[in-house]
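Novice: fold the following and give me the result.
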Amino acid sequence: MKVFKFIGFGFFYLKEVVVSNLRVAADIVTPQHLMKPEILEVDVSGLTPKQLFVASNLITMTPGTLSMDVVDDRLFIHCMYCVDKQEAEENLVENYVNRVRDVF
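Specialist: Prediction:
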């Protein structure tokens, strides 16, 4: 069962990287910059050190996001394209933290 979750996570992450690359590339070639940078605070309580390592590195390798620091079970992330801060934080928990918890 874990193998299927790992494969599903691989496809999810590949899609995220491609979409993020296209978003950053479009922002570079267009005169209208769509950046709205924000510092996000994501709850990572319950993750093992290995899971936290994997999640923070996957977030950093996705264009437009950068893991900054972990303080008291909170992961701080710089996001270049943030329309709604709360929605972005929930999205990161749902798509990265929970999936990493399930796979690793």
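Novice: relative to Asp27, how far out is the closest residue to Asn21 other than its chain neighbours?
Specialist: Computed as CB to CB, 6 or more residues apart in numbering, the closest residue to Asn21 that is not its neighbour in sequence is Pro63, at 5.2 Å. The way it works is simple: take the backbone N, C-alpha and C, and place the C-beta from them, glycine included. Per CB to CB, to the nearest Å, Pro63 is found 10 Å from Asp27.
Novice: and the helices in this structure?
Specialist: Using DSSP state H, the helices found in the chain span residues 2-29, 49-61, 85-92, 98-103.
Novice: and the residue lying farthest from the centre of the chain, what are its phi and psi?
Specialist: Most distant residue from the mean C-alpha position of the chain: Pro31, 26.2 Å away (CA atoms, centre = their mean). Main-chain dihedrals, Pro31, degrees, to the nearest 10: phi -70, psi -20.
Novice: follow-up on the earlier one: turn the helices of the chain into CSV, including mean pLDDT.
Specialist: Shown next, in CSV, are the helices of the chain (pLDDT from 0 to 100):
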stretch, mean pLDDT
helix 2-29, 92
helix 49-61, 95
helix 85-92, 94
helix 98-103, 93
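Novice: of those helices, which is nearest Leu75?
Specialist: With CB to CB as the measure, helix 49-61 is the member of the helices of the chain nearest Leu75 (6.1 Å).
Novice: spatially central residue in this protein, please.
Specialist: Central residue of the chain (CA atoms, centre = their mean): Ile59, at 3.8 Å.
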